[in-house]
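Colleague: got a structure for you, letters missing:
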């Protein structure tokens with residue numbers, strides 16, 4: 001019986017010694033080994049390790065997973081225009097150097113997050129003070145986050161921390177300045193619209209003036225061409241008349257007399273007072289006339305007879 005008790009006691013002692021000298025490093029953690037309060041080694045690879053039992057050596061475990069800092073409420077920042085904006089953000093960070101991290105914060109994660117928040121706010125304020133409200137809200141938002149990541153990443157490397165990401169969730173204007181900013185934006189858009197309208201009106205007038213000028217040029221060229229064609233036609237008609245008169249003067253005189261009769265006696269009620277023996281009535285007396293007068297000689301009596309018929313009416 002005493003032997004059994006001794007065996008159990010020996011097993012318990014061995015188990016206690018084993019539990020105090022053997023330890024497991026999880027893949028989600030980094031382990032720091034201390035010896036009488038002095039940092040002896042840092043273990044970052046998971047596995048089974050050996051140490052001396054307390055109080056000779058002790059362990060401190062640090063979570064090496066990515067942590068998140070999410071501000072509970074929006075912070076106020078000032079832009080280059082001296083305008084206040086409200087910003088919500090979150091930060092992703094992790095322990096990069098367990099030794100530096102423990103020296104800086106003694107393993108206190110809350111203290112580390114408080115320090116990181118101060119550093120990030122200072123970097124954000126520096127970037128916001130270089131930019132206007134419009135640039136911060138829309139145009140250069142990505143540039144702001146990139147600049148903050150670079151600046152904060154350099155600052156926190158000395159305390160054993162790595163900044164994984166910085167994101168601006170929301171950037172809003174304060175209620176008291178929102179109306180003034182909106183009115184200014186509206187005035188700027190109205191100014192741009194007026195400039196576009198005036199530019200369009202000027203271009204429209206220029207296009208209209210150019211079209212009117214082209215119209216006048218086209219009409220002038222058309223009139224010139226029409227007059228040239230008309231002159232050519234008159235010249236050809238005169239040549240045809242002259243050729244016809246030269247071939248058969250008597251027939252030409254007869255034809256012109258018919259035209260004179262047609263223009264003189266247009267209506268059955270027309271009345272003419274003239275000498276029946278005049279050359280105007282020569283072809284009415286018969287076709288036996290020996291000599292054909294010139295067309296001009298026929299045209300004069302016809303005009304006189306036409307004038308007399310009008311006066312008689």
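Modeller: Yep, that arrived. Treat the numbers as computed from the prediction; the structure is a model and nothing was measured.

Colleague: From now on I want contacts and neighbour counts done on CA atoms only, so please keep to that.
Modeller: Noted.

Colleague: where in the stretch 1-150 of the chain is pLDDT low?
Modeller: 1-2, 6, 8-11, 13-19 (pLDDT under 70).

Colleague: Quick one: the strands in it, in order.
Modeller: According to DSSP state E, counting those that start in this stretch, the stretch 1-150 of the chain carries its strands in the segments 22-25, 29-35, 38-43, 47-50, 58-63, 67-70, 75-78, 84-95.

Colleague: Would you mind listing the buried residues in the last one?
Modeller: Using 16 or more other C-alpha atoms under 10 Å as the burial criterion, the residues of strand 84-95 that qualify are 84-85, 87-89, 91, 93-95.

Colleague: list the helices and strands that strand packs on?
Modeller: Applying 3 or more C-alpha pairs under 8 Å, 6 or more residues apart in numbering; DSSP states H and E, one finds that strand 84-95 contacts strand 67-70, strand 75-78, strand 161-173.

Colleague: got JSON lines for those, with mean neighbour count too?
Modeller: As requested, the helices and strands packed on strand 84-95 are arranged in JSON lines below (neighbours: other C-alpha atoms under 10 Å):
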{"stretch": "strand 67-70", "mean neighbour count": "15"}
{"stretch": "strand 75-78", "mean neighbour count": "18"}
{"stretch": "strand 161-173", "mean neighbour count": "17"}
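
Colleague: Surely residue 96 touches residue 158?
Modeller: No. Contact criterion C-alpha atoms under 8 Å: residue 96 and residue 158 do not qualify, at 10.1 Å.

Colleague: rewinding a little: can the strands of the stretch 1-150 of the chain go into JSON lines with extra columns for distance to residue 151?
Modeller: Output for the strands of the stretch 1-150 of the chain, formatted as JSON lines (distance: least, C-alpha to C-alpha, whole Å):
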{"stretch": "strand 22-25", "distance to residue 151": "33"}
{"stretch": "strand 29-35", "distance to residue 151": "26"}
{"stretch": "strand 38-43", "distance to residue 151": "28"}
{"stretch": "strand 47-50", "distance to residue 151": "36"}
{"stretch": "strand 58-63", "distance to residue 151": "24"}
{"stretch": "strand 67-70", "distance to residue 151": "17"}
{"stretch": "strand 75-78", "distance to residue 151": "17"}
{"stretch": "strand 84-95", "distance to residue 151": "14"}
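
Colleague: between these, which one is nearest to residue 154?
Modeller: strand 84-95 (13.2 Å; C-alpha to C-alpha).

Colleague: the inter-axis angle of that closest one versus strand 161-173?
Modeller: Relative orientation of strand 84-95 and strand 161-173, computed by axes from the mean of the first three to the mean of the last three C-alpha atoms, to 10 degrees: 160 degrees.

Colleague: List of residues touching strand 84-95?
Modeller: Strand 84-95 is contacted from outside by 63-71, 73-79, 101, 133, 160-174, using C-alpha atoms under 8 Å, 6 or more residues apart in numbering.

Colleague: If we use 6 Å, what do you get?
Modeller: If you take C-alpha atoms under 6 Å, 6 or more residues apart in numbering as the criterion, strand 84-95 is touched by 64, 66-70, 74-78, 161-174.
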